[in-house]
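[1] sequence and predicted model, in that order:
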Amino acid sequence: MKRILLLMSVMVFMVSSSYAQGFTLKSTDINGQLSQDQVLSGFGCKGKNISPELNWQNPPENTRSYAITAYDPDAPTGSGWWHWVVFDIPKNITNLKAGAGNLKNNLFPKGSIQSINDFGNAGYGGACPPGGDKPHRYIFTVYALNVEKLGVGAKSPPAMVGSFINRHTIAKASLIAYYSR
């Protein structure tokens, strides 16, 4: 009986420890402020337009795929600005290399879709707030989804993809970085 109680205690501890860690998103490239690497090259900005390295840990067990977004809620549009919209990332993928947001680099997982952003292009579009504006927040989010395929296409508008992502999200984790010029 003591062995059974001990075994059950160990199992409860292991399960609670894994939940305590939680679903997390990390990056070696994002440290509170975006660098010139993540800034747009265009619209008056002189960055390198390189999407950051991202890695995530401890997704829910029932995750069937992932989506990633980069969003600026401070853009002076009234509805924010979508810098990156990605979905149908296979459940066995838990990291993206820096530069994966450039379609020409072929660094993205097979079968994943990089949809159009608010610049009207597929892939990553870096930060480029209006000159002299307050620092903008850039929110990078990974979503654990309950479907393998989201069911929308590569030319779907960001807000529409976001609606589908929200409908199928079982967990999400975010990083926030700031940038102004």
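    Received it, and whenever you're ready, just let me know what you need.

[2] quick one: the strands in this protein?
    24-26, 41-42, 45-46, 54-57, 65-72, 81-90, 95-96, 113-114, 136-145, 169-179 (DSSP state E).

[3] in TSV: these, plus mean neighbour count.
    (C-beta placed from N, C-alpha, C; glycine too.) Below are the strands of the chain laid out as TSV (neighbours: other Cβ atoms under 10 Å):
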stretch	mean neighbour count
strand 24-26	15
strand 41-42	14
strand 45-46	14
strand 54-57	19
strand 65-72	23
strand 81-90	24
strand 95-96	18
strand 113-114	22
strand 136-145	22
strand 169-179	17
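
[4] just so I know, which of these lies nearest residue 107?
    Checking the strands of the chain against residue 107 by Cβ to Cβ gives strand 95-96 as the closest, at 7.3 Å.

[5] and the closest one, which strands flank it?
    Partner strands and pairing direction for strand 95-96 (DSSP bridges) are strand 54-57 (antiparallel).

[6] contacting residues around the partner strand?
    Here strand 54-57 makes contact (Cβ atoms under 8 Å, 6 or more residues apart in numbering) with 21, 23-27, 66, 68, 94-96, 140, 142, 173, 175.

[7] can I get the strands of the chain in TSV including distance to residue 123 and mean pLDDT?
    Below are those laid out as TSV (distance: least, Cβ to Cβ, whole Å; pLDDT from 0 to 100):
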stretch	distance to residue 123	mean pLDDT
strand 24-26	19	98
strand 41-42	13	94
strand 45-46	16	95
strand 54-57	14	98
strand 65-72	11	98
strand 81-90	7	98
strand 95-96	12	96
strand 113-114	5	96
strand 136-145	15	98
strand 169-179	19	98
